[in-house]
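[1] This is the structure alone, sequence omitted:
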């Protein structure tokens, strides 16, 4: 009510015009694409986990670390070859939410700022996008671990 | 672009299929994919009493309806029980482990149990059972292998 009341007649007219020409976002299609591509990335990750369990002395519990490292490495390579960008255009969040999206964020920022030199360009901007992931990831992990430690100390779990 | 992508796929396939062993497929190679039902293994004095004990343990564990595959290895020190949990029951993994430990300790108070639902531990237990068929594989070597499995089980990171 208040939003509409504050607008002048010209603004309202423009809004109607805009709505007539605006393309409808294919939300359903995007979701399905993200679901499939994200799922496929996870299948690859699962295959790598099993590879580590079979070929090396990793258990289900410990195989996660090398798997994450491998997935990030692969997505970094794919970003460098320009494949991951296309995947990102096609799948959106499906390729950005898994850990591979982190590798993509690091390398794409590094490539973008390559022309500004290695120290101030690549070094200074590499974690421009991924820095937020690291900061809030580490912080939320800290908070969760703190809660768990306290709960164990109090004997709740 | 197409050529680049193709060569990348071929390259990664070659890398991933590099170490394929001697081509002989054993049960331990397929332990993740199918139900193996390995017979119980005894690394101890081969008395009837011991054999009965280890078979009774395996039967008791197999009776739990949440599980579908059990491997038992008994030495003069520890007794390893590795099992696979039905997929939808994997939400209750902790509860199942607790229930099983309580049941085993109540029924066999003299045994020292090591219980694990980890696939890696299961694979290694099946591998040990396969190796025991070889007459050159001494009890000492078997005990060493069992100790290695238990060490692996206790690894956290």
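    Sure thing, it's come through. Here the structure is a predicted model, which means the values were calculated and not measured. Residues are numbered from 1 along each chain as shown, chains lettered A, B, ... in the order given.
[2] Minimum distance to chain A, which residue of chain B gives it?
    Residue of chain B nearest chain A, by CB to the nearest CB: residue B:120 (4.1 Å). Every C-beta, even on glycine, is put in place using the N, C-alpha and C of the backbone.
[3] Show the contacting residues for that residue.
    Contact analysis of residue B:120 by CB atoms under 8 Å, 6 or more residues apart in numbering or on different chains lists A:53, A:58-60, A:63, B:152.
[4] Please name the nearest non-neighbouring residue to whichever residue of chain A sits closest to chain B.
    As assessed by CB to the nearest CB, chain B sits closest to residue A:59 within chain A, at 4.1 Å. Counting by CB to CB, 6 or more residues apart in numbering or on different chains, residue B:120 is the residue found nearest to residue A:59 once chain neighbours are left out, at 4.1 Å.
[5] Confidence-wise, which helix or strand of chain B is lowest on average?
    Each helix and strand of chain B was given a mean pLDDT (mean pLDDT, DSSP states H and E); the minimum falls on helix B:2-16 at a mean of 75.
[6] that older thread, and the residue nearest to residue A:59, which helix or strand is it part of?
    Take DSSP states H and E as the rule and residue B:120 turns out to sit in helix B:119-131.
[7] Which positions within that helix qualify as buried?
    Neighbour counts over helix B:119-131 (16 or more other CB atoms under 10 Å in any protein chain shown) mark B:119-130 as buried.
[8] now swap in stretch B:133-145 and tell me
    For stretch B:133-145, burial by neighbour count (16+ other CB under 10 Å) applies to B:142-143, B:145.
[9] pLDDT averaged over it - what is it?
    Mean per-residue pLDDT for stretch B:133-145: 86.
[10] With stretch A:113-120 instead?
    Rounded mean pLDDT across stretch A:113-120 is 92.
[11] got it, and stretch A:80-96?
    Stretch A:80-96 carries an average pLDDT of 93.
[12] what sits up against it?
    By CB under 8 Å, 6+ apart, stretch A:80-96 touches A:30, A:33-39, A:41, A:75, A:78-79, A:100-101, A:104-105, A:107-108, A:111, B:1, B:4-5, B:8.
[13] mind running it again at 6 Å?
    A:30, A:33-34, A:37-38, A:75, A:78, A:104 (CB atoms under 6 Å, 6 or more residues apart in numbering or on different chains).
[14] Among these, which lie within helices?
    A:30, A:33-34, A:37-38, A:75, A:78, A:104 (DSSP state H).
[15] nearest residue to residue B:99 other than its sequence neighbours?
    residue B:64 (7.6 Å).
[16] Would you agree the one you found falls within a helix?
    No: assessed with DSSP: H, G, I helix; E, B strand; the rest coil, residue B:64 is coil; it does not lie in a helix.
[17] where does it land on pLDDT?
    The confidence metric pLDDT takes the value 88 at residue B:64.
[18] Need phi/psi at it.
    With angles defined as degrees, to the nearest 10, residue B:64 sits at phi -60, psi 130.
[19] so which strand or helix has the residue lying closest to residue B:101 once chain neighbours are set aside?
    Using CB to CB, 6+ apart and skipping the chain neighbours, the partner closest in space to residue B:101 is residue B:115 (5.5 Å). Taking DSSP H and E as the definition, residue B:115 sits inside strand B:112-116.
[20] Please apply the same query to residue A:144.
    helix A:130-153.
[21] picking up where we left off before, what comes into contact with the strand holding residue B:115?
    B:78-82, B:97, B:100-101, B:104, B:150, B:153.
[22] partner strands of it, parallel or antiparallel?
    Strand pairing for strand B:112-116, using DSSP bridges, gives strand B:78-85 (parallel).
[23] what about the partner strand, distance to the chain center?
    6 Å (CA atoms, centre = their mean, to the nearest Å).
[24] If I take it and helix B:119-131, what angle do their directions form?
    Interaxial angle, strand B:78-85 versus helix B:119-131 (axes from the mean of the first three to the mean of the last three CA atoms, to 10 degrees): 120 degrees.
[25] List the contacts of the residue nearest the centre of chain B.
    Of all residues in chain B, the one closest to the mean position by CA atoms, centre = their mean is residue B:122, 1.8 Å from it. Shown in contact with residue B:122 (CB under 6 Å, 6+ apart): B:31, B:71, B:82.
[26] quick one on the thing from earlier: turn the buried residues of helix B:119-131 into a markdown table, including distance to residue B:37 and pLDDT.
    Below are the buried residues of helix B:119-131 laid out as a markdown table (distance: CB to CB, whole Å; pLDDT from 0 to 100):
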| residue | distance to residue B:37 | pLDDT |
| --- | --- | --- |
| B:119 | 16 | 90 |
| B:120 | 19 | 91 |
| B:121 | 16 | 92 |
| B:122 | 12 | 91 |
| B:123 | 14 | 91 |
| B:124 | 17 | 91 |
| B:125 | 12 | 91 |
| B:126 | 10 | 90 |
| B:127 | 15 | 90 |
| B:128 | 15 | 90 |
| B:129 | 11 | 89 |
| B:130 | 13 | 89 |
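[27] That concludes my questions; thank you for your assistance.
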